[in-house]
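Engineer: fold the stuff below for me.
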Amino acid sequence: MKKLLVNIGGKVAALADDIASYNDRSRYVATAKPPGPGPGAVPCGSSASSGRGEEAGAVLDPVLEHLLRNVRSRHVRQHFARTPAAEYTQQRAVTIQVATFNVAGKKPPPGLKLDDWLGAVPAAGGMKGRWQPGAMAGSMTAAGASGGDGPDILAVGFAEIVPLNAGNVMGVWGSAHVDAWDRCLAVYLNGEEWATQRYGPSAPAAAGQAAAATAAATLLETKWQGGGGGAGATPGSLSGSSAAVIGTGSPGSTGGGASPNPYRAVSACGGSSSGGGSSVRADEEYVQVASKQLVGVYLSLWVRRKLLPEVRGVQVTTVATGFGGYLGNKGAVAARMRVYDSSLVLVASHLTAGEAEGDELRRNADVHDILRRAVFTNAPDGAGAVAMTAASAALISASLGPGHWPSSTSGISDHDLVIWVGDLNYRISTVPTAATASPAVGNISGEGRPMGQQGLTDADVRTAIRAGRLDLLLAADQLNRERAAGRVFQGWHEGRLTFLPTYKFKMGTHVYNGDDLPASVSAGSLAVAAATPRVAPLAAPQGGEVDDGDSGAAAGPGAAAADPEKYKRRTPAWCDRILWWTRTRLRNHQTHPPHPSQPHIAGGHGGSGTATAAVGSMIAPGLQQLAYWRGELTVSDHKPVAAAFVAEMVSYDRRRIEGVLEAGMRAVDLMQQSLRPRVTVEPVVLEAGEWVALGRPVPMRLQLINTGTVEAIFHFVPPPHPGRREQGSKFGLDDETPPLPPWLVAVPAEGVVAPGEACEITLTVLVEGGAGGAAAQLSDEQPSSSSSSSPPLTHGSLDSILILRVEDSGDKFVSIGGRYQRSFLGMSLEALSRLGSRPALPPLGAIELAEHLGLGEMKQQLEGASVAAADSGVDDGTVDPPKELRTLVSELLANSAAALRVPGILVDSTALVLARAGHDDVTAAEAAVQASPAAATGGDEEAAVAALQPTNRAAQQALLRQLEPLRLILDAGGQIPPGTDPHDVAAMLLLWCGQLPYPLIPAVAADAAAAAPPASPAEAAALLRRLCSPLQLVVVSELLRLWRAALEPVAADLNGLTAARLAAAATAWWMPPLAAGAAVGAGSGRRKLLTMLMAGGDASISWPLE
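Structural biologist: Residues are numbered from 1 along each chain as shown. All right, here's what the predicted structure looks like:
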């Protein structure tokens, strides 16, 4: 603990200047409006899939544009653009419940029931979402809903889910609180039995997310093929009217009469799950699809299992807005997903606290920072670039498939629907207490100083609460004022506030901190009559409340004296809020009439009233708020808040789109019989040869000749999938397969050939290793067809059929043949382990390959390799490092580690090898090797060493060419020739790490070290054991043995290496590159992991990983 505090103290001291600047109020003066179009503004030239955008010069809906990406004929696309959107578009009603709760760093107490916050549990007859008294359901046409008494989607945002102490803020937070609240939600949604199966029993040592991850893997095998809600019912279909009148009732009651259910207005089933028991019907279960924690902010997203086939592309991101603008004590977590064909973003945030004058400007700045910096980025595999917190949610979200997101980054306002929940911390503006005491409740507007005449005091606020005068409080609400002034949340909407302020309460009670008596003995919603802004005063409670320790004494029956406050007094306020935004402003609705004191927000209705303006024939997503209420849990000093919505999601009928496109093609055929392009392709068979080597490009040329009278538009399309008969498969509407194999590059890949002209296309076969390369896939082995024990056959085949589509003409087919001669470079660790003692390339094959590569002088060396390969031991199935790695390490450790005494070994080896070859990309690296790296980067030697490592693709190709003779010897199973330059051996070792298809140390381990650098070798070793595979651990252990030997005093005195420089070089080759926008200090945290690993043990053992 002492060491942790010392580290934290150093970081805090380094941030002192930033914190002082952050607290400077002048920083927030000019933040009235963020630059550029904010959320709520329709981008210039955009069209919300009206189906008529292309003729008008606008663009189609992004999803629709993605579906039509393989339709390049402008005539067919024009025909499609003229087709009314209603012919191929449906609207699906999806119910969404969102909630927010600042839990003050506390776990849920045993047996906590969430009914009073979220509604009655499904096992008790369905989640009865609560309406405000007298509220009416708005009329909103919906094509369907998934049915059930609960919402289709539940998103819960937590604030202060862990205590905001120094350790947690600096990134050393655990998962116990997250697991506990997730399990509480699971019990509420699916029952105790379901939660126990997935999360373990309700106990302090619950299995938590580890059990949930195992259960998620089992769940994925079923592909969510559970039964439907009734005969003929399908996901997203609506039976009956979508408009209903909701009766009144006590929002807090759970007994007697059933609470009104906002979801029944869009229910397809109309019934509820069977009462009693602890489980729900399989298709009514909820599955967690997103989970992300940023210190105290946590977002947990659940989807009804029945809706899962319509959900895809789930991704998360975070924005820290704490001290200095990047600490995580404040900030936001956001998740996005595609529901049907509409995009939905859910944001959970915790903004800057404080009720001093001007603190609202800091909160405004937080909102603008979140809107500006919250970006979603696609990973190379189509998943999100930011990892999720819960392993089970990560597994399930990955199985749902990509969301047709754009390749570039997307902000919050680049989506259709956004709902923002959280502890926004906006307060009720007050003035210092006047010399004259506040009037009694009965004299609010009578004798003495009228309340609010010179601004509300703290006493005025409490008096208004007891009198039910929410109109006075709403007029002084900071969020309402800031929105009305156009300084924050422009174009956003909030439902009418009919419940009492949600902050600040004495723990375990319904008593506001600073009150002598509780403000309410029932639920917090008030029956605000439409005809008058005033409600009847609340009755004083009969009897005392149980004190939670926030006050000096409990208020017993008949107590008249005020409690002496032990903590700072806080004026009650609506800190916890829910807002929403849609890309098309006219499609925002809520079910209640406008509140008389709610301000009108310029540029939108601000949640006041119902929009009734028509949008022509446009079909676009929309949101309608059904209810907005406060829960009455007493776990925290905040009250939780929830809201219910129904969303109109756009759904494109793939079968109807294909029908429209086929009709367009027939129309084009009739119109352009004599105007079709006539194109010939020569040759139609291309051969790359049987000796394609790693990193060696093989160019081939293709000629397109247009002999027709009209221009020819050409591009490559992916081949069809055999046996695939899904909707949209003919045009590849949902097919994410790239048009060319990963080892083939076409230049140009698309273009236009004028009549009578020709175009030459260069097809280059280039097999590369590393992330995204094809070497690992081509090096996989196929089991032998016979049952004998003969070795398996190497795959390596490059035989492919390319489809060159000429629009309005026909497809041309080009056959490519060839075989890749694999290398140990680029193979996965698992493939190398399966090879055992066998060489990656037979010696005779290596000799022939060398001759084809112009390295015939190596024949004698490679002939000797066959003896070494024959004398190799038999693979016994143990987990050992690959033999090529052992050979390289042994060479560097031979002769009492003489090679490790060479100056700059391992750290400067790759740059020196490239500089010796005169490679252009290493000019800067060559100069930096000769000079001091510390001088080149202003003293940050570790960062300089990492930056000088030539890990980019072009540099690795150059290294591969320079080290090709040594690579061929190792491929053939030979030994490194005597006299080989030690820098060549070290460069080959690092190049092998860079050519692995995935990082040697996975991203999850690197990110964990970046967020919470290990403080000891034991912590570093435990982190790798938890997050790395056994094979990765064995390889890292072998490399660490070499790294430690290089730091032995006898070697370090000559090679000039330090642990920091070696760790920096290893970070560049063993770990994935830092993501764009990574937190300051992330790189140093990664290097700290390797420094700690090198510090444990000595060169003779592989501790601490084995």
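
Engineer: show me the longest strand that occurs in this protein.
Structural biologist: The strand spanning the most residues in the chain, taking DSSP state E as the definition, is strand 89-102.

Engineer: which strands or helices does it pack on?
Structural biologist: Packed against strand 89-102 by the contact rule (3 or more CB pairs under 8 Å, 6 or more residues apart in numbering; DSSP states H and E) you find helix 115-118, strand 153-159, strand 342-350, strand 417-423, strand 576-582, strand 641-652. In this view, the C-beta of every residue, glycine as well, is placed from N, C-alpha and C.

Engineer: right, so of these, which gets closest to Arg696?
Structural biologist: Arg696 lies closest, by CB to CB, to one member of the helices and strands packed on strand 89-102: strand 342-350, at 43.3 Å.

Engineer: and the helix or strand just after that closest one, what other elements does it pack with?
Structural biologist: Sequence-wise, the next helix or strand downstream of strand 342-350 (DSSP states H and E) is helix 359-373. Packing contacts for helix 359-373, counted by 3+ CB pairs under 8 Å, 6+ apart, involve strand 311-320, strand 331-339, strand 342-350, helix 478-484.

Engineer: part of a strand, is Thr762?
Structural biologist: Yes. Using DSSP: H, G, I helix; E, B strand; the rest coil, the assignment for Thr762 is a strand.

Engineer: quick one: closest of the helices and strands packed on strand 89-102 to Gly810.
Structural biologist: Per CB to CB, nearest to Gly810 of those: strand 641-652, 27.1 Å.

Engineer: partners of that closest one in the sheet?
Structural biologist: Strand 641-652 pairs in its sheet with strand 89-102 (antiparallel), strand 622-630 (antiparallel), by DSSP bridges.

Engineer: pull out the buried residues from the helix or strand that that strand is followed by.
Structural biologist: Next along the chain after strand 641-652, taking DSSP H and E as the criterion, comes helix 654-671. By neighbour count on 16 or more other CB atoms under 10 Å, the buried set for helix 654-671 is 654, 657-658, 660-661, 664-665, 668.

Engineer: need those in JSON lines with distance to Gly751 and pLDDT, can you?
Structural biologist: Converted to JSON lines, the buried residues of helix 654-671 look like this (distance: CB to CB, whole Å; pLDDT from 0 to 100):
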{"residue": "Arg654", "distance to Gly751": "29", "pLDDT": "89"}
{"residue": "Ile657", "distance to Gly751": "26", "pLDDT": "90"}
{"residue": "Glu658", "distance to Gly751": "27", "pLDDT": "90"}
{"residue": "Val660", "distance to Gly751": "27", "pLDDT": "90"}
{"residue": "Leu661", "distance to Gly751": "23", "pLDDT": "90"}
{"residue": "Gly664", "distance to Gly751": "23", "pLDDT": "88"}
{"residue": "Met665", "distance to Gly751": "22", "pLDDT": "86"}
{"residue": "Val668", "distance to Gly751": "20", "pLDDT": "81"}
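
Engineer: pick the one among those residues closest to Leu912.
Structural biologist: Of all these, Arg654 has the smallest distance to Leu912: 56.6 Å, by CB to CB.

Engineer: what are the phi and psi values at Val717?
Structural biologist: Main-chain torsions, Val717, degrees, to the nearest 10: phi -130, psi 150.

Engineer: need the per-residue pLDDT for Ile77.
Structural biologist: Ile isn't right for residue 77; it's Arg. As predicted, Arg77 sits at a pLDDT of 87.

Engineer: actually, Arg264.
Structural biologist: Confidence at Arg264, expressed as pLDDT, is 47.

Engineer: swap in Met618?
Structural biologist: pLDDT at Met618 comes out at 52.

Engineer: check which residues of the helix or strand Ala1045 falls within are buried.
Structural biologist: Per DSSP H and E, Ala1045 falls inside helix 1030-1046. Across helix 1030-1046, burial judged by 16+ other CB under 10 Å covers 1031-1046.

Engineer: rebuild the helices and strands packed on helix 359-373 as a markdown table, extending it with mean pLDDT and mean neighbour count.
Structural biologist: Converted to a markdown table, the helices and strands packed on helix 359-373 look like this (pLDDT from 0 to 100; neighbours: other CB atoms under 10 Å):
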| stretch | mean pLDDT | mean neighbour count |
| --- | --- | --- |
| strand 311-320 | 92 | 24 |
| strand 331-339 | 93 | 27 |
| strand 342-350 | 95 | 27 |
| helix 478-484 | 95 | 22 |
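
Engineer: and the ones you listed: which comes nearest Ala986?
Structural biologist: strand 311-320 (38.3 Å).

Engineer: for stretch 903-923, the averaged confidence score.
Structural biologist: With pLDDT averaged residue by residue, stretch 903-923 scores 81.

Engineer: can you map out the helices along the stretch 751-900 of the chain?
Structural biologist: Using DSSP state H, counting those that start in this stretch, the helices assigned to the stretch 751-900 of the chain run over residues 775-779, 829-835, 843-852, 859-870, 883-897.

Engineer: dump the strands paired with strand 641-652 to JSON lines, plus mean pLDDT.
Structural biologist: Formatted as JSON lines, these follow (pLDDT from 0 to 100):
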{"stretch": "strand 89-102", "mean pLDDT": "93"}
{"stretch": "strand 622-630", "mean pLDDT": "92"}
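
Engineer: can you get me a residue count around Ala1079?
Structural biologist: Around Ala1079 sit 17 other residues, with neighbours defined as other CB atoms under 10 Å.

Engineer: thought it was touching Ala320?
Structural biologist: Yes. Assessed by CB atoms under 8 Å, Ala1079 is found in contact with Ala320 at 7.2 Å.

Engineer: pLDDT weak spots in the stretch 601-750 of the chain?
Structural biologist: Scanning the stretch 601-750 of the chain with the threshold set as pLDDT under 70 gives 601-619, 672-674, 721-735.

Engineer: recalculate using a threshold of 80.
Structural biologist: 601-620, 669-676, 720-736 (pLDDT under 80).

Engineer: hmm, back to that, Gly854: which of the helices and strands packed on strand 89-102 is closest?
Structural biologist: The nearest among the helices and strands packed on strand 89-102, by CB to CB, is strand 342-350 at 53.5 Å.
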